[in-house]
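[1] Make a model of this:
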Amino acid sequence: MSITGFVDLPFSTIRGVQPYLTLKVAVVQTRGNPLLHSIRESRIAHHTDAGHTRFAIYIADKNVADLTNAVWHFKFVLDRCRAGHPHRATALTNLAWARLQGHILNDLQGIDSTISLFREALTLRPQHHPDHPFYVYNLTEALTRCPSTAASISEAAQLYYELLPLCPEGTYFRSTALGDHCLGHVIRECNNLPINVSDEGIHLRRIVLELCQLGHQCPLDALTKLAKATEVRFVQCGNIDDIDESIQLRRDAVSLCPEGHPGYATYLEHLAVALSACRFNHEGKICDIDEAISLHEEALLLHPVGHRYRDRALSSLGCAILYRFEQCSNININDINMAIKLYRDTLMLRPPGHPRRDTTLNDLACALLAKHRKVRADDDLDEAIELLRASFLSLEPGRRRTRNLSSALCSRFKQTRMKKDINDAIYLCRQSLEALPLNHPERCLGYMQLQKAYLCRYQVLHNVADLSLAMENFRLASRHETQGFPQRIQAAFGWVATAENYRHESALEAYAEFFKLLDCHLATRSNTISRREASTAFHRARSLPADAASCAVRRGRLRMAVELVEQGRGQQWSLASRLKTPLEDLDSINPNIAHEFSELSKRLFDIQGSTGNTDRSTVDLAAIQYKKLTKQWEAVVAAIRNIGGFSRFLLSPSYEELQVAARQGPVTILIASKYSCSAIVVPTTGEPHSVAFPELALADLEKLKNDFAKAIRHAAGMPPEESRKDLLVLLRTVWKEIMQPIVNTLQTKLNLRYKSRIWLCPTAAFTSIPLHAAHPFRMKADNSGREECLEDIYVCSYTPTLSALIRARQTMNTRAAPTFVAIGQSQPGTGQGTVLAAVDSELELVHKLVPPNVQFTSLSGDEATQAGALEALRCNTWVHLACHGKQDRDQPYNSRFAMRDKPLTLLDIMENNAPQAEFAFLSACHTAAGDEETPDEDIHLAAGLQFSGFKSVIGTLWAVDDAVAKHIVKAFYEHMFKDLKGDAVPDCMNAAWALNCATHAVKTKVPLEQKIVFIHIGV
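    Below is the predicted model:
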């Protein structure tokens, strides 16, 4: 049989380039004697040869008839090399190449079909095939010859990015690919594409920048385009990483552009704008705005009097100085006066008829308004309004924006009470909205401006209808779907604050809208840390979960209070844990969809895990894949909700669903809000109960929290036998003001038996107070003995959220003999802490106390590494961890246990799926202390272990004395394994009871602050 293929013959290097000659080669092979097969293959070879002959004549003579003949022969061959034929890729390429040359010479039409042929050929020569680079090159040739579209240019760029690393330096093949009509053409066309801020669009910009480096081409345009794309995405999504990257790209462009370059001043201004208008306005760092002003001043020097762009340089500098004046707390009158002067100078260079005069009128007015707000000069306000009217009237109706004029009129109305001003403001806002299409993103801003006008009129005239109209516009703004989540979240936050301030009936609706939008916003982030960064960007809203619950309690809506506080708290955990949902019920009804959901959840969980990769291109690719999988996952979730009995699958849980958390004992949610402090007791059945703390305000709780921190630090330096008077006073306050009213409710309304289990779910400042240790420290009225404390009356546990407790119980499997690992690190790696002398003896103690029927292993010394500890957590059901613990309050996912080589972080633990795990004892410091930035999230090491699969966890609220801790460890395990006989299996659900017994047993051996440092979390 005759096989036709291509062979590259290399020649000696000429002028640094190694030429290649691509030849068609036919090889004759004998394969048995099926006569028909032999005849068919012979005809294929004959027509291939004939096609190449006619094609060569066409290339030489440009006779279209020869091209038509060649195409016919190659088509004949392709029709006989059907799918699966070993030479189909060559047949496709022969036909496609002939058609491409005909297209180049304008003798054939239909480049799309030619590209399809090359594309199919490439699929038959995948990566690692020796001919793969040749087939990639063929497709790039076709794509660069077709009319440029965003799709074709993007595909060509991706292919060149794949091709160039496969082509050695100095080869003819590489030099051809780097030619101006090949790679150069693709780079230019990509740089001409409009800005696309999707993950795919930004990934393309990164590829173009790398192609510039691979192709030794000037990257200035590519740097600028990528910087602009990340800057726009920052404006839309608020991710600080984007603007940080944009600024660095702008810096790179400035450094690559030599002074004297005609575009140097422009690159300076672009960097200055990114620093001032974007990052400074977001973070308020004075160094950013100072640098921006310095850059604008440098640019202005490059635009002397008479320069055609001097007006732009003046205006940009004025804008940056205005930003500094508005954002800085210290009033610098020189700044605002300079900004006003710069804008007046700009206006002189933009006379009537200038296309940017309206913008300058607006800018000058904004500067005057800023001065009026801080200095209260009425003349400035009047001039600003006149300038804004002039700017407004100079524009065509479709381009008019009324925000600043409306705001100025509202300000003057508050001063003068002239109804015409406020009516004009409302009319302008309405007119602006009417000019925008219903789906236009700027309608969100229009609604917000209109609500400000209505609210302004209500504040002066007290017409309740105006307040209702303001709330309605808050509602419309927060639900305007074509605007990005950050802006809508800000609208919802404003709605909450205003409704609370004026006690409007829509407050609860506003809270629910805020939590829903924030949840949707966080769900767009593909990893744990970026979700936390996104949530902390709304730092003013940190108190909203407790505030929402307080609002519902004040209105007697206790069920809704439970739902809102659960919805608002723990979003970091709930977003990640939705990928770990038990599916037993679904699997019994529809195993196929249960399997599909499980597989997609696993793939999503794997993608969203690690954030250690700092390569932005890799991160963007992961984000693209995450969003695609998320769409598939959401479609499956929607299908599951259409199945009977699953209509609320993964939705924010209702009160009835949350009440399952109280199945084994009531859960008390403690609410710390600036509006009121109280508690809600969720019983096993029936309605929730409210517990008021009439003498307790949020400021009192904050003081109590801080006093505890001081008392604990003070106690650490005291001799063990010395009385902890400060701590006693504080624990007595906790009993009197907080826990005694709750105990009264449990006893009188729930008739809860003595020594029953209870769970506490604290919010905000309550999370840093040792509620479980509340104690009256006084004698009974009849002097018959001391009054009982909380731990005398009930067995107390904590839970970060009700959902966390429900998930822990859902994943409880049929109990089998546990496998127990004790992990200890007495000599952690460099920078992780001092030597812990008592760790090894603690591990030996635990080993002695573990029953003989429990498989026990120990991990210490050089074996107790980060990887070794993770593997132990993954493979064992019970864990005892003795080492240094560190809570990172700034970056809680970096909270860590000290190991021999490197720390075991909270993020490592969260990504370490351990569904079979049952119990963990964390004999380390600060393992249950929360996060300063998101205090309602309870992001700490103990919660992370619970999330990874451990149902029952003992953690610590502050520093542990390892020499003292062994007393509690000994007492705990003695009670934990008490009365186990034969092959009886230990039960992790006894951990809370065992800890309760242990603290009683050691009260004469252990200082008070060490006795109460341990808490139980979970089942």
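[2] Going along the chain, name the helices of the stretch 701-850 of the chain.
    The residue ranges that make up the helices of the stretch 701-850 of the chain, judged by DSSP state H, counting those that start in this stretch, are 725-734, 740-748, 790-793, 802-810, 839-849.
[3] actually the stretch 51-200 of the chain, sorry about that
    With DSSP H, counting those that start in this stretch as the definition, the stretch 51-200 of the chain shows helices at residue ranges 64-80, 88-104, 111-123, 132-145, 150-163, 172-177, 185-192, 199-214.
[4] could you dump those helices to a markdown table with mean neighbour count and distance to residue 822?
    Every C-beta, even on glycine, is put in place using the N, C-alpha and C of the backbone. A markdown table is the format used below for these (neighbours: other CB atoms under 10 Å; distance: least, CB to CB, whole Å):
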| stretch | mean neighbour count | distance to residue 822 |
| --- | --- | --- |
| helix 64-80 | 19 | 69 |
| helix 88-104 | 23 | 60 |
| helix 111-123 | 18 | 55 |
| helix 132-145 | 21 | 53 |
| helix 150-163 | 20 | 50 |
| helix 172-177 | 19 | 59 |
| helix 185-192 | 19 | 58 |
| helix 199-214 | 21 | 45 |
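[5] So which of the ones you listed is nearest residue 716?
    With respect to residue 716, and counting by CB to CB, the nearest of the helices of the stretch 51-200 of the chain is helix 199-214 at 49.3 Å.
[6] Just the angle for the following helix or strand past that closest one relative to helix 199-214, thanks.
    Stepping forward along the backbone from helix 199-214, the first helix or strand reached (DSSP states H and E) is helix 220-237. Using axes from the mean of the first three to the mean of the last three CA atoms, to 10 degrees, the direction of helix 220-237 lies 160 degrees away from that of helix 199-214.
[7] how much distance is there from the helix or strand just after helix 220-237 to the middle of the chain?
    Tracing the chain C-terminally past helix 220-237 and defining elements by DSSP H and E, one meets helix 240-256 next. Taking CA atoms, centre = their mean, to the nearest Å, one finds the center of helix 240-256 at 21 Å from the center of the full chain.
[8] Out of the helices of the stretch 701-850 of the chain, which is the most enclosed?
    Comparing these on average neighbours per residue, with mean count of other CB atoms under 10 Å, the densest one is helix 802-810 at a mean of 21.
[9] on that earlier part again, ok, which of the helices of the stretch 701-850 of the chain comes nearest residue 62?
    Residue 62 lies closest, by CB to CB, to one member of the helices of the stretch 701-850 of the chain: helix 802-810, at 73.8 Å.
[10] And the closest one, what does it pack against?
    Packing partners of helix 802-810 (3 or more CB pairs under 8 Å, 6 or more residues apart in numbering; DSSP states H and E): helix 558-568, helix 571-577, helix 655-658, strand 667-672, helix 941-948, strand 1014-1018.
[11] what's the least confident stretch among those?
    If the helices and strands packed on helix 802-810 are sorted by mean pLDDT, helix 571-577 sits at the bottom with a mean of 51.
[12] Next, residue 858: secondary structure please.
    Classification of residue 858 using DSSP: H, G, I helix; E, B strand; the rest coil returns strand.
[13] give me the number of residues near the closest residue in space to it that isn't next to it in sequence?
    The spatial neighbour of residue 858 that comes closest, neighbours along the chain excluded (CB to CB, 6 or more residues apart in numbering), is residue 822 at 4.9 Å. For residue 822, the number of neighbouring residues by other CB atoms under 10 Å comes to 27.
[14] what stretches of the stretch 501-650 of the chain score poorly on pLDDT?
    Flagging of the stretch 501-650 of the chain using pLDDT under 70 yields the residue ranges 522-540, 570-585, 601-602, 604-627, 650.
[15] Also the stretch 901-1019 of the chain?
    Per-residue confidence of the stretch 901-1019 of the chain (counting by pLDDT under 70) places the weak regions at 913-915, 925-940, 943-944, 947-949.
[16] for it, what spans make up the helices?
    All helices of the stretch 901-1019 of the chain, identified by DSSP H, counting those that start in this stretch, fall at 906-910, 941-948, 962-976, 991-1001, 1008-1011.
[17] Take the helices of the stretch 51-200 of the chain and write them to a markdown table, including mean pLDDT.
    Supplementary listing: those in a markdown table, determined by pLDDT from 0 to 100:
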| stretch | mean pLDDT |
| --- | --- |
| helix 64-80 | 90 |
| helix 88-104 | 89 |
| helix 111-123 | 89 |
| helix 132-145 | 87 |
| helix 150-163 | 86 |
| helix 172-177 | 77 |
| helix 185-192 | 87 |
| helix 199-214 | 87 |
